[in-house]
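Engineer: below are the sequence and a predicted model for it; my questions follow.
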Amino acid sequence: MTRPKSFVSIAGLSREDILRLIAMAAEAEREPNRTVLQGRIVATLFFEPSTRTRLSFETAANRLGAKVIGFSDPKVTSSTKGETLNDTIRMVSNYADVIVMRHYLEGAALYASEIADKPVINAGDGAHQHPTQTMLDLYSIHKTQGRLDDLDICLVGDLKYGRTVHSLIQAMRHFRPRFHFVAPRELAMPEVYKQQLRGWGIPFEEHTELDAAAIGQADILYMTRVQRERFQDLAEYEKVKNLYVLRAQMLGAARPNMKILHPLPRVNEIAYDVDDTPFAYYFKQAENGLYMREAIICDVLGESL
Ligand code: CP
């Protein structure tokens, strides 16, 4: 049987795939309300909490004329009675035309895509990947910088557990980036990703301080939350949770084109006074998620925008 086109990982996307999805998202932004998915059903299965990803997917489906089914809390599903993910996916495949799933297990979306006879979109699998977040990040970078090529990208915070930064470095490999990693030793970028970067010939530097030097050399300053939910030992979390707090007074050396991204939610890592600076872009970034998710749903269903 031919597998449907799913969207589970950023790794398989080419430069052309990425630029095509960015062009589709721009078209969705030009006219977000369409009827291209009238008569279709989009299922949103969220086994982990979410605000932006679930609501933007559901908004995207509604704006494209589809109907939405699903759950935001697995406690109200038969998984609490012992139903396996395999059986849940088989069932939902009977009801919906596309499945959007967030799950706490790494690889869960890939597994679901091998079972379902409908497209599966990965809305985050454990600490592994969050590819639709990456696509909206790329759309945001392209919109604000006018290009993806030859940029300095500074990733700050939890580079160990942050699935968004893992996906972002994989996607950016097509665009000759220079990476600057700012993280404490405990939350450093895992060796497996650094090995990949070396293999691709992409330069990166590692820092432990978020200072004027780090901020001043960035086109994109990508802040992340320390992922409390991934720590086995909460005492370890307490040690690192507030190491980096970006404040407006720290932005004096920033390049004029620099934009601050954050996948959100933020906890303490960006002070509220940054919101009023011309560098803050994280709320617009979240809005961009709507347009990119319209593009991705259409793409897996073979619809054009
Ligand atoms: N960025 C992101 O994934 O946010 P949510 O967890 O609220 O979906």
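Structural biologist: Received it, and whenever you're ready, just let me know what you need.
Engineer: tell me the residues on this structure that lie near the ligand, please.
Structural biologist: Within the chain, the positions adjacent to the ligand are 50, 51, 52, 53, 124, 133, 263, 264, 265 by CB under 6 Å from any ligand atom. Every residue, glycine included, has its C-beta placed from N, CA and C.
Engineer: the fifth one is in what secondary structure piece?
Structural biologist: It stands for residue 124. With the criterion set as DSSP states H and E, the secondary-structure element containing residue 124 is strand 120-125.
Engineer: got it, and the first one?
Structural biologist: Assignment of secondary structure by DSSP H and E places residue 50 within no helix or strand.
Engineer: chain neighbours aside, what residue packs nearest to it?
Structural biologist: Once flanking residues are discounted, residue 50 sits nearest to residue 102: 5.7 Å by CB to CB, 6 or more residues apart in numbering.
Engineer: all helices of the stretch 201-305 of the chain, in order?
Structural biologist: Using DSSP state H, counting those that start in this stretch, the helices of the stretch 201-305 of the chain run over 212-216, 234-240, 282-300.
Engineer: related to what we said a few turns ago, pretty sure the residue nearest to residue 50 sits in a strand.
Structural biologist: Yes. Assignment of residue 102 by DSSP: H, G, I helix; E, B strand; the rest coil places it within a strand.
Engineer: enumerate every residue touching it.
Structural biologist: Taking CB atoms under 8 Å, 6 or more residues apart in numbering, we find residue 102 in contact with 45, 46, 47, 48, 50, 53, 54, 123, 124, 125.
Engineer: can you report phi and psi for the third one?
Structural biologist: I take that to be residue 47. For residue 47, the backbone dihedrals (degrees, to the nearest 10) come out as phi -80, psi -10.
Engineer: that one: what's it in contact with?
Structural biologist: For residue 47, the set of contacting residues under the criterion of CB under 8 Å, 6+ apart consists of 74, 79, 101, 102, 103, 104, 108.
Engineer: ok, 6 Å please
Structural biologist: If a contact means CB atoms under 6 Å, 6 or more residues apart in numbering, then residue 47 has 74, 103 as its contacts.
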